[in-house]
Structures are given as C-alpha cells and as structure tokens.
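Q: I would like to see how this sequence folds:
(2 chains)
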Protein chains: 2
Amino acid sequence: MVEETINFRPIGVIHSVHNETAKTPIQPHYALGAMGVVEVFDEFAMGLQDVEGFSHIYLLYHFHVYKEARLLTKPFLQDIERGVFATRFPHRPNAIGLSVVELVARRGNFLDVKNVDILDGTPLLDIKPYIDKFDGWFKNTRNGWYEEVGG
Amino acid sequence: MVEETINFRPIGVIHSVHNETAKTPIQPHYALGAMGVVEVFDEFAMGLQDVEGFSHIYLLYHFHVYKEARLLTKPFLQDIERGVFATRFPHRPNAIGLSVVELVARRGNFLDVKNVDILDGTPLLDIKPYIDKFDGWFKNTRNGWYEEVGG
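A: Predicted structure coming up:
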C-alpha cells in the first residue's frame, strides 16, 4: 500500500556563506549570526504571504551533495557509531535536512535569514512557520548520546 | 543548477488511531495522549540504533492523501487566507509533514509514540532526534497570524 517513490522538486535555493561542506556548521546553534538568503522561485512566491509575521521558520531542504545513505554513522560530535535516525547526519536514506533559522526580513520572494547552517546552493523543499505553542513546549527531554558530548 | 526532481521513497509507515483526515488532529499539541506505532522497514532498521535514548523525535512524512498544492490557503485555525509557507497546512508544493512526537519505547523496528497527529497509513520519510539544545532554545518568538487565534 505504501508508495514506491515520491517525487519532489525544489521550490527555491538557499544561498549562504558556507561554500565547503567541511566548513559548514552542523546546526544553527553553531552558526549564530551567519546570514543567508532563501530564494523562492517566482511560481511559488505567492505562498510566502504572511510569513514575515514569524520570527523563526523551519527550512526543509535536500542534502544534495550527500548521495550515499548510511544506516550507521559517526555523528560530527562523537567518535562512536550511531544509528542514523539517532543523528542529524546528512547521509540518510531520504536526504532531507531540517533547520530552524531566524527570519530577519522578506524582500518579495527573498528571505533574509540568520543562523544558517546550510551549504550554499542547497535546494529548498519547504518552509514552515515555527510556532512556539506547537514546537517549543517540550520540557525535561532526554537527549540520548548527545548528553555525553554536551557542548 | 538546481535539481529538477528529487526522488524519495518511504522508509516505513506510521500507524495511528486516526483513520479519517477530517478527524485527524492538526498538531501533536491537539493530540496529547494519542498513541501510534512507527514501523520502519527491515532494510532500514539498523538506523534505529540509539534512538531509544531520546524522549522526543521528529517524524518527517508524506502527506500522501493531499495531492493538490495550494499557495494560498485557509489554515485550520483561522478563516482567513494565508500563504501556505506561513501555515502547516498539508496541501503544499512538496507535501512533507513534520511532527515532534514522544518516543515511549522501541521494539525492534517498531517505535511506540505518543501525541500522534498523523493519519493512519502515512508513509514515513525520515526520523531525527529532537535535541533540546538545537531545537528548544528559541525565546520570544513572533508567531504571526497564529497570535490572533491563540489557543
């Protein structure tokens, strides 16, 4: 019953100051202040209406330079192999990236964003508003292996 | 330079108590206590190692029953048309859903999860750990039109 393949196509492209994978921050948390521009293609620009009301947005994008999936992988922060679904590592069966960035301004179909941990030229798949009531209410979370590395 | 199409395939399927789209909660926040089971297909099961250390996980999935994209849409919570990227509405150019659910237990390649706002039978695309330091640190967010509807 489950679909065999699902086809998506980029709705835009993410421009950033990060030109090399090896030097691209692994999380917005490690990219504080790094500016970027989200370009949404003209045909989708109408969908940006009202987005400027939100201070933070999710960007969903394609880890387009990471072709090979790995089920076990050493995360960037630890030299121990972990299941990929317990990491945010880019080599994934479906190479979808997820970042929450700060939305500074909208200029037509361009969004100026801050705390960008995304490689320049990355294809954009979706934008969703970050809504505190839905996304920021988790308390006393357990954070698995990440608690061993702190950081 | 941007890719024309991106092909993903389901890594599993989400089982839930929600059998009808019209009765499916629109956010985990409105699905408190609703249990579900995430089934990860055998070939990807190794990627689940270590995931049980996390109390909350992101599920990324395909809004598979919502075929038609809308750029302007009335969100479930308000009778005013908004740009789709300022909403979490399922009719999107790339119909990717995002929910943070509570991970109660792992049984092999099955995850028992709580606060599930997802339609039964939904194809799973990815699982990522929710990490408080990366995902829960946003303060004083502005929440756009959502602040008009409150609770």
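
Q: Go through chain A and flag its longest strand.
A: Looking across chain A with DSSP state E, the single longest strand is strand A:96-107.

Q: close to chain B, is the least confident helix or strand in chain A by mean pLDDT?
A: Across the helices and strands of chain A, mean confidence by mean pLDDT, DSSP states H and E is lowest for helix A:132-135: a mean of 83. Yes. Contact of helix A:132-135 with chain B (CB under 8 Å from any CB of the partner chain) involves A:132-135. For the C-beta atoms, the positions are set from N, CA and C on the backbone; glycine is no exception.

Q: So which of those residues wins on neighbours?
A: Among these, residue A:135 has the most neighbours (other CB atoms under 10 Å in any protein chain shown), with 25 neighbours.

Q: My read is that that one contacts residue B:88, right?
A: No. Using CB atoms under 8 Å, residue A:135 makes no contact with residue B:88, being 9.8 Å away.

Q: re the thing from before, show me which residues of the next helix or strand after the least confident helix or strand of chain A are buried.
A: Per DSSP states H and E, the first helix or strand lying C-terminal to helix A:132-135 is helix A:146-149. By neighbour count on 16 or more other CB atoms under 10 Å in any protein chain shown, the buried set for helix A:146-149 is residue A:146.

Q: Give me the contacts around helix A:146-149.
A: A:77-78, B:129, B:131, B:133 (CB atoms under 8 Å, 6 or more residues apart in numbering or on different chains).

Q: If we use 10 Å, what do you get?
A: Residues outside helix A:146-149 that contact it (CB atoms under 10 Å, 6 or more residues apart in numbering or on different chains) are A:75-80, A:82, A:86-88, A:141, A:143, B:53-54, B:129, B:131-134.

Q: now swap in stretch A:29-36 and tell me
A: Contacts for stretch A:29-36 (CB under 10 Å, 6+ apart): A:14-18, A:24-25, A:28, A:59, A:76-77, A:99-102, A:104, A:111-118, A:120, A:122, A:151, B:131, B:133-135, B:137.

Q: Mind doing that once more with 8 Å?
A: A:14-18, A:25, A:101, A:104, A:112-118, B:133-134, B:137.

Q: gap between the two ends of that stretch?
A: Taking CA to CA, to the nearest Å, stretch A:29-36 runs 15 Å from one end to the other.

Q: swap in stretch A:135-144?
A: Across stretch A:135-144, first to last residue, CA to CA, it's 19 Å.

Q: likewise stretch A:14-29?
A: Start-to-end, stretch A:14-29 (CA to CA) is 18 Å.

Q: Give the rounded mean pLDDT of the one helix or strand residue A:59 maps to.
A: Assigned by DSSP H and E, residue A:59 falls within strand A:56-62. Across strand A:56-62, pLDDT averages out at 96.

Q: After it, heading C-terminal, what element do we hit next?
A: Downstream of strand A:56-62 (by DSSP H and E), the next one is strand A:72-73.

Q: one step back: any residue of the strand holding residue A:59 touching chain B?
A: Yes. With CB under 8 Å from any CB as the criterion, chain B is reached by strand A:56-62 at A:56-58, A:60, A:62.

Q: Compare those residues and tell me which has the most neighbours.
A: residue A:62 (24 neighbours).

Q: so what's that residue closest to, chain neighbours aside?
A: Among residues not flanking residue A:62 along the chain, residue A:123 sits closest, at 4.5 Å (CB to CB, 6 or more residues apart in numbering or on different chains).
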